[in-house]
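*Asks:* build the 3D model from these lines:
(chains A and B)
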Number of protein chains: 2
Amino acid sequence: MTEAVTACVLIIGNEILSGRTQDINLAHLAKSLGQWGIQVREARVIADVEATIIDVVNDARCRFDYVFTTGGIGPTHDDITALSIAKAFNLPLFQHPDIEVRIRKRPAPDNVMKNRLLMARVPQGAVLIDNPTGGPQGFAIENVYVMAGIPSVMQAMLSTLQATLRGGPIVHSRSIKAYVTESQIAGELGHIQNQQPSLDIGSYPFYRADRYGTILVVRGTDREQIESASTAIIRAVESLGESPEDLGFANA
Amino acid sequence: MTEAVTACVLIIGNEILSGRTQDINLAHLAKSLGQWGIQVREARVIADVEATIIDVVNDARCRFDYVFTTGGIGPTHDDITALSIAKAFNLPLFQHPDIEVRIRKRPAPDNVMKNRLLMARVPQGAVLIDNPTGGPQGFAIENVYVMAGIPSVMQAMLSTLQATLRGGPIVHSRSIKAYVTESQIAGELGHIQNQQPSLDIGSYPFYRADRYGTILVVRGTDREQIESASTAIIRAVESLGESPEDLGFANA
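*Replies:* This is a model prediction of the structure:
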């Protein structure tokens, strides 16, 4: 079996930690990367603090195959991601000519252009991540991919990476909806999980139209194993006198 | 000046890391705790893996005044939060009589009740967190608060904690909306930030009705300092020929 390829997502920004902004980048990254065979194993939301970014990047880049960061690459004083990542790698920042060309396309007074050009600074040796929205590019240095925090821009940048990232086995997921409680199905579910330890079987309770129910999710890289566990779950629900609804395969 | 009281949020669950479920607990926790004078300084989203939960809990409880976890306290095989946290503290699990009483209130067949009672297990010495939805309680052990992952249940549990948590200075935030780009205002904004280093001045670009704009956010514990920096920002926007819109104080 090919080994899993893993990733850590770092969401950088005080506005997420204060609750002012609801993050939606993690879910998008997890789903997209998952489809490409890269499994997000951890995410950290951290503040715009240089020492924190350096520590967390250096920890994550050793523990995971890939690190994806979002946020902190704009032109203001609190946009310290590029500088902090350069420091994490002990590399100098330099003004990348390709980003500069793109920034200078839109004219501006000198003092405004000077601030905009701050977005052209990347660590020496970084490879650019294209930005199909037309704004300044992101960058990658070794296994760390640095992208914008604005969801539409992050998504555009990420879409350009599929061909360059190395994927491993893809995790598929199949969901079954049943009007049984978790406690009713827990015993049988644990039994099915024990028999198929390479799968990840989850249960997510819901309450709708005055009834308790559970979404049962089987995740794994082997579709046949998933089918077999799903069949066992369907039988377990039926043995409780309920008719499960097969929601089929999905990518998360 | 009283010292800041800090917190780390741990979101435990494979379904968040796969992108299947969009987390909304972090934003709610950040805003509520912020209003009580507890600043969320970091959040980690981690998998339902015992060794990971133990490591991350033990790291976080040393670095922050409080740790709040969500997820993994249901009755199925993947609900391993209580057990993992007991191991992190080197404590045995025991069946808490108050949770048992609550669980037994709703009758069920023996095998279902046996699974439900798994939710009564907490580390020896844990203090319960009430659950106003009527379901099993959460628990706190030392500075670690363990709550449900379902947002409505987590929010109900959290609402009972306000009186027991020790808050520090409250961070206030004031926002100003202006149709200027970040690059136009960056220089002046950096200057204002340098003059008031104890404040946290952020800028969040937006694009609406064919115009670029920026929300400028001043955060800090001293309202007079916030007023003074806000006035300086309003003047800076006006000097660019734009009329800023004062969005006033908010809690995030």
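
*Asks:* from now on I want contacts and neighbour counts done on CA atoms only, so please keep to that.
*Replies:* Will do.

*Asks:* quick one: the strands in the stretch 1-150 of chain A?
*Replies:* For the stretch 1-150 of chain A, the strands defined by DSSP state E, counting those that start in this stretch occupy A:5-12, A:38-46, A:66-70, A:93-95, A:121-123, A:127-129, A:138-141, A:144-147.

*Asks:* of all the ones you listed, which one is nearest B:V57?
*Replies:* Of all those, it is strand A:38-46 that lies closest to B:V57, at 13.7 Å by C-alpha to C-alpha.

*Asks:* in that closest one, what counts as buried?
*Replies:* Neighbour-count burial for strand A:38-46, counted by 16 or more other C-alpha atoms under 10 Å in any protein chain shown, picks out A:I38, A:Q39, A:V40, A:R41, A:E42, A:A43, A:R44, A:V45, A:I46.

*Asks:* which among the residues you listed are in contact with chain B?
*Replies:* A:Q39, A:V40, A:R41, A:E42, A:A43, A:R44, A:V45, A:I46 (C-alpha under 8 Å from any C-alpha of the partner chain).

*Asks:* circling back: of all the strands of the stretch 1-150 of chain A, which one comes closest to A:P244?
*Replies:* Of the strands of the stretch 1-150 of chain A, nearest to A:P244 by C-alpha to C-alpha is strand A:38-46, at 28.7 Å.

*Asks:* what does that closest one contact?
*Replies:* A:4-14, A:16-17, A:26, A:30, A:33-34, A:52-53, A:166-171, B:17-18, B:41-47 (C-alpha atoms under 8 Å, 6 or more residues apart in numbering or on different chains).

*Asks:* give the pairing partners of it; include direction for each.
*Replies:* Applying DSSP bridges to the sheet, strand A:38-46 is found paired with strand A:5-12 (parallel), strand B:38-46 (antiparallel).

*Asks:* the last one to strand B:66-70, inter-axis angle?
*Replies:* So that's strand B:38-46. Interaxial angle, strand B:38-46 versus strand B:66-70 (axes from the mean of the first three to the mean of the last three C-alpha atoms, to 10 degrees): 40 degrees.

*Asks:* residues of the longest helix along chain A that come out buried?
*Replies:* In chain A, taking DSSP state H as the definition, the longest helix is helix A:223-239. Using 16+ other C-alpha under 10 Å as the test for burial, helix A:223-239 gives A:R223, A:Q225, A:I226, A:A229, A:S230, A:A232, A:I233, A:I234, A:R235, A:A236, A:V237.

*Asks:* mind listing what the third one touches?
*Replies:* Spelled out, that is A:I226. Contacts for A:I226 (C-alpha under 8 Å, 6+ apart) come out as A:S173, A:R174, A:L199, A:V218, A:R219, A:G220.

*Asks:* ok so the fifth one is a strand residue?
*Replies:* Think A:R219. Yes - counting by DSSP: H, G, I helix; E, B strand; the rest coil, A:R219 is located in a strand.

*Asks:* just give the nearest non-adjacent residue to it, would you?
*Replies:* Leaving aside its sequence neighbours, A:R219 sits nearest to A:S173 (C-alpha to C-alpha, 6 or more residues apart in numbering or on different chains; 4.3 Å).

*Asks:* isn't the one you found up against A:I215?
*Replies:* No - contact criterion C-alpha atoms under 8 Å: A:S173 and A:I215 do not qualify, at 12.0 Å.

*Asks:* any weak-confidence spans in the stretch 151-252 of chain A?
*Replies:* Scanning the stretch 151-252 of chain A for pLDDT under 70 picks out A:251.

*Asks:* strands of the stretch 151-252 of chain A, residue ranges please.
*Replies:* Assigned by DSSP E, counting those that start in this stretch, the strands in the stretch 151-252 of chain A fall at A:172-178, A:200-208, A:211-220, A:245-250.

*Asks:* make CSV out of those and add distance to B:C62.
*Replies:* Formatted as CSV, the strands of the stretch 151-252 of chain A follow (distance: least, C-alpha to C-alpha, whole Å):
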stretch, distance to B:C62
strand A:172-178, 36
strand A:200-208, 30
strand A:211-220, 34
strand A:245-250, 39
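
*Asks:* okay, those in a markdown table with mean neighbour count next?
*Replies:* Formatted as a markdown table, the strands of the stretch 151-252 of chain A follow (neighbours: other C-alpha atoms under 10 Å in any protein chain shown):
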| stretch | mean neighbour count |
| --- | --- |
| strand A:172-178 | 22 |
| strand A:200-208 | 18 |
| strand A:211-220 | 20 |
| strand A:245-250 | 15 |
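
*Asks:* nearest to A:P132, out of the ones you listed?
*Replies:* Closest among those, using C-alpha to C-alpha: strand A:245-250, at 27.3 Å.

*Asks:* so which elements touch the closest one?
*Replies:* Contacts defined by 3 or more C-alpha pairs under 8 Å, 6 or more residues apart in numbering or on different chains; DSSP states H and E place strand A:245-250 against strand A:172-178.

*Asks:* ok, residues contacting the strand it packs on?
*Replies:* With C-alpha under 8 Å, 6+ apart as the criterion, strand A:172-178 contacts A:213-223, A:226, A:230, A:234, A:237, A:242-252.

*Asks:* on that earlier part again, dump the contacts of A:I226 to CSV, plus distance to B:D98.
*Replies:* Shown next, in CSV, are the contacts of A:I226 (distance: C-alpha to C-alpha, whole Å):
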residue, distance to B:D98
A:S173, 38
A:R174, 37
A:L199, 35
A:V218, 34
A:R219, 35
A:G220, 38
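
*Asks:* now flag whichever of those residues is closest to A:I141.
*Replies:* Closest to A:I141, out of all of those and judged by C-alpha to C-alpha, is A:G220, at 30.6 Å.

*Asks:* neighbours of A:K87, how many?
*Replies:* Using other C-alpha atoms under 10 Å in any protein chain shown, A:K87 is surrounded by 18 other residues.

*Asks:* list the contacts of it.
*Replies:* With C-alpha under 8 Å, 6+ apart, A:K87 has these contacts: A:I54.

*Asks:* how far away is it from A:N14?
*Replies:* 20 Å (C-alpha to C-alpha, to the nearest Å).

*Asks:* wait, doesn't A:A82 sit right on A:A120?
*Replies:* No - using C-alpha under 8 Å as the test, A:A82 is too far from A:A120 to be in contact (9.6 Å).

*Asks:* tell me the domain boundaries of chain A?
*Replies:* Following automatic domain parsing, one finds the domains of chain A at A:5-159, A:172-250.

*Asks:* most tightly packed of those domains?
*Replies:* The highest mean neighbour count among the domains of chain A, using mean count of other C-alpha atoms under 10 Å in any protein chain shown, belongs to domain A:5-159: a mean of 20.

*Asks:* quick one: A:D23 from chain B, how far?
*Replies:* Here the distance between A:D23 and chain B works out to 8 Å (C-alpha to the nearest C-alpha, to the nearest Å).

*Asks:* excluding chain neighbours, what is closest to that residue?
*Replies:* In space, A:D23 is closest to A:I16, 6.3 Å off (C-alpha to C-alpha, 6+ apart).

*Asks:* so what's the one you found up against?
*Replies:* A:Q22, A:D23, A:V45, B:A27 are the contacts of A:I16 under C-alpha under 8 Å, 6+ apart.

*Asks:* repeat that for A:F249.
*Replies:* Taking C-alpha under 8 Å, 6+ apart as the criterion, A:F249 is in contact with A:H172, A:S173, A:R174, A:S175.

*Asks:* farthest pair within these?
*Replies:* A:H172 and A:S175 (10.3 Å).

*Asks:* A:A60 and A:Y145, how far apart?
*Replies:* As defined by C-alpha to C-alpha, A:A60 lies at a distance of 12 Å from A:Y145.

*Asks:* kindly report the same for A:L199.
*Replies:* Distance, A:L199 to A:Y145, using C-alpha to C-alpha: 29 Å.

*Asks:* that'll do, ta.
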